[in-house]
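dropping the sequence and predicted coords here.
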Amino acid sequence: MRFLYKTIFFGLAAFGIVACKKSIQDFGQVEFLGSGDVIVKINMASIYPDDRYMYVKFDGQRVTSLIRGREPFPGGGYNTRGDSRPDFLKYKAGNIKVQVGLPYRIDDGRDSIVLYETQVNFEAGKRYTLHVTDTASNTKMILNEEDLSRPDSTQARYRFTNLMPNVPAIDLYYGAAATAAEPTQDSLVAKNIQYLESSPYFELNRIATRTWKIRPAGAPVTNASVIAFYSNAGAVLDRRSYAVYALGYNGFTTAIMKPYLSFFLVR
Amino acid sequence: MLVLFLISFVSCKKRDDYPKFDDKKDGLVPEDVIPPDDKIEKITQKIMNQADVVGVFQMDSTVSLADGLERTHIRFLNKLNQPTSIQILEIDLKKKIVPYVMSSFDDHLYVAQPVSDMAKYNEVSSGGEILAVINGATTSTYSYIKNGRKINISTTSGKEKTRPFFAVQSDGTAYIGNCFDTLQFNFEPYDINKFKGLISGTGWLQYRGGVIVSTSAVVQANTALGLSSDRSILYAVVVDGANSSFSVGVTFNDLARIMKAIGSYDAFVVNSGGASVMAQRQLSAGSVGLASWNVVNKPPVSMIGSLNGVGFVKMK
């Protein structure tokens, strides 16, 4: 009995001491960005009819999980398959060998096929997006350096990239959903963006009901000429920077192959 | 041991800075005191003499926002002894005050924005200083031209086609008209391509000097626009109706009489209800060159944004 009292006594005493302790938010193991580091987001826009998995390697080491087309890594994006976080990979600066590979049917870590290989130069302290598009031996990659500054309040910054292999040049518009006979509210914001090229940055007000649309460059501003559209439901935050990109294949209608207009957060 | 047990629970009970929600606060609702006013402004006198809507005059005041732009606030009890508050902008279009059709965020989208914010966004494209603003439409069925771009100029519904509109032509002159294919209210032929801006309203109040009799008896907040017969003076009127202890609003028939009394020849209701707002430019205290637009009437606390509006611009 005496032992029981003692146990209760010390138990309560310990509780009394510990109860008021501040809770600490645990972020896990944190690796800070060093002066010799860069951060990179990989935008996989290689679309295969069988929706196959791929990966990206930096200097022979896999830096992505197995990802498919329309699946930016890490962090996903809007009108993509992932969620939408402005996440980036941390990597060391320097000349880096980048490879896009296909795994074996049962992935054992080896490369089944290396689809594309190139050298890129990552400058320390910078932020990059690496866009991968087209398929098999035609696989292409472009590296965009991203602006780290934040736009003013109520504004958001955008940059459009054409990753659609079968549309030589694209015009990007925003307007309203195509409910009216004529798209009278459409405004051109990026003009004649060639395949594998990006527009300059542009800033717009944060407007929740904006619908983004792409048309072949120079096409008439009609509902019929829209290749793909995305209502702005997700990408409406201000003081953010977005990468906007067209991917998929014009003329296709299946969920995997059809054209998409997608976004991801850069900042 | 029991004491220790109690201490362990009591010790964490409250933080010092935790607010006490039970404390009663003194009521801070300001009393609506209407100061005595012996001087009746000219425009108020016109309403009292001709409109037959004023039961008991309470007060009025006129401020000049620029040469050719005056705002008058009138408060009175109507014939049913109910409080009524009216804001009137009288714009002399001969004196370099130009109306400008504004859009939310200065964009071409049908999205809503409070007109006081809209003024801030539209000032650069207006080419001058926006001194005062009124609300426009709240739904996208209304006709609308912004900077010469036809966002919506007709609809499939017959009712929509009888809607009156206010337009600013490329040379800055104001125009009140009707849909081009309607026969009910005929106006001189016009070229819609020459309109720089256009907003449409809900119903006619006055046509060619005559008052249009409405069958509606709804007393509510209203925004109206009227133009004098020589199109040199524009009248923008906002009647409050959100808070019945401050102002109950007016019927279309009373508003039509008010428009006629103040001098308009053609007039129409731009919008009715919670979106009826007038705002006035004011330089922010302590900041150089930073303008803000203060709402001068009393819309509902949850003020409804407008899709467009009209700003009155002093050209540089």
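Right, received. Where do you want to start? Numbering: from 1, shown residues only, chains lettered A, B, ... in the order given.

so where's the longest strand in chain A?
Criterion DSSP state E: the longest strand present in chain A is strand A:111-122.

average pLDDT for that one, rounded please.
Average pLDDT, strand A:111-122: 94.

and after that strand, which helix or strand comes next?
Later in the chain than strand A:111-122, the nearest helix or strand by DSSP states H and E is strand A:127-133.

any stretches of the stretch 151-267 of chain A with poor pLDDT?
Residues of the stretch 151-267 of chain A meeting the criterion pLDDT under 70: A:179-181, A:208, A:232-236.

and the strands in the stretch 101-250 of chain A?
Listed in chain order, the strands of the stretch 101-250 of chain A (DSSP state E, counting those that start in this stretch) span A:111-122, A:127-133, A:140-146, A:155-162, A:169-175, A:187-194, A:202-205, A:211-216, A:228-231, A:240-247.

the fifth one to strand A:155-162, inter-axis angle?
In terms of direction (axes from the mean of the first three to the mean of the last three CA atoms, to 10 degrees), strand A:169-175 departs from strand A:155-162 by 150 degrees.

now do the last one
When the same axes, to 10 degrees is applied, the directions of strand A:240-247 and strand A:155-162 differ by 20 degrees.

by contact count, what packs against strand A:240-247?
Strand A:240-247 is packed against strand A:37-45, strand A:127-133, strand A:140-146, strand A:155-162, strand A:169-175, strand A:260-265, with contacts defined by 3 or more CB pairs under 8 Å, 6 or more residues apart in numbering or on different chains; DSSP states H and E. C-betas here are computed from N, CA, C, even on glycine.

ok, now with 6 Å
If contacts are counted by 3 or more CB pairs under 6 Å, 6 or more residues apart in numbering or on different chains; DSSP states H and E, strand A:240-247 sits against strand A:155-162, strand A:260-265.

equivalent analysis for the fourth one, please.
Secondary-structure packing of strand A:155-162 (3+ CB pairs under 6 Å, 6+ apart): strand A:187-194, strand A:202-205, strand A:240-247.

quick one: it to strand A:260-265, angle?
130 degrees.

residues making contact with strand A:155-162?
Outside strand A:155-162, the residues within contact range by CB atoms under 6 Å, 6 or more residues apart in numbering or on different chains are A:131, A:151, A:170, A:172, A:190, A:193, A:195, A:198-199, A:201-203, A:206, A:238, A:240-246.

7 Å - rerun?
A:131, A:144, A:151, A:170, A:172, A:190, A:193-199, A:201-206, A:237-238, A:240-246 (CB atoms under 7 Å, 6 or more residues apart in numbering or on different chains).

now mean neighbour count and distance to A:Asn95 too, for the helices and strands packed on strand A:240-247, in JSON lines please.
Shown next, in JSON lines, are those (neighbours: other CB atoms under 10 Å in any protein chain shown; distance: least, CB to CB, whole Å):
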{"stretch": "strand A:155-162", "mean neighbour count": "23", "distance to A:Asn95": "23"}
{"stretch": "strand A:260-265", "mean neighbour count": "24", "distance to A:Asn95": "26"}
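
mind listing what the residue of the stretch 201-316 of chain B found nearest chain A touches?
Relative to chain A, the nearest point of the stretch 201-316 of chain B is B:Leu307 (10.8 Å; CB to the nearest CB). Each residue near B:Leu307 by CB under 7 Å, 6+ apart is listed here: B:Ser104, B:Tyr110, B:Val111, B:Ala112, B:Gly136, B:Ala137, B:Thr138, B:Ser140.

again, only this time at 6 Å
B:Leu307 is in contact with B:Tyr110, B:Ala112, B:Ala137, counting by CB under 6 Å, 6+ apart.

cool, and A:Arg70?
With CB under 6 Å, 6+ apart, A:Arg70 has these contacts: A:Thr80, A:Arg81.

next one: A:Val98
When contacts are counted by CB under 6 Å, 6+ apart, A:Val98 touches A:Thr118, A:Val120.

mind running it again at 10 Å?
By CB atoms under 10 Å, 6 or more residues apart in numbering or on different chains, the contact list for A:Val98 reads A:40, A:42, A:56-59, A:63, A:116-120, A:122, A:130, A:132, A:141, A:143.

do A:Glu71 as well
A:Glu71 is in contact with A:Ile42, A:Asn43, A:Met44, A:Ala45, A:Tyr53, A:Met54, A:Thr64, A:Ser65, A:Gly77, A:Thr80, A:Arg81, A:Gly82, counting by CB under 10 Å, 6+ apart.

neighbours around the closest residue in space to it that isn't next to it in sequence, how many?
Once flanking residues are discounted, A:Glu71 sits nearest to A:Arg81: 4.8 Å by CB to CB, 6 or more residues apart in numbering or on different chains. A:Arg81 has 15 neighbours, counted by other CB atoms under 10 Å in any protein chain shown.
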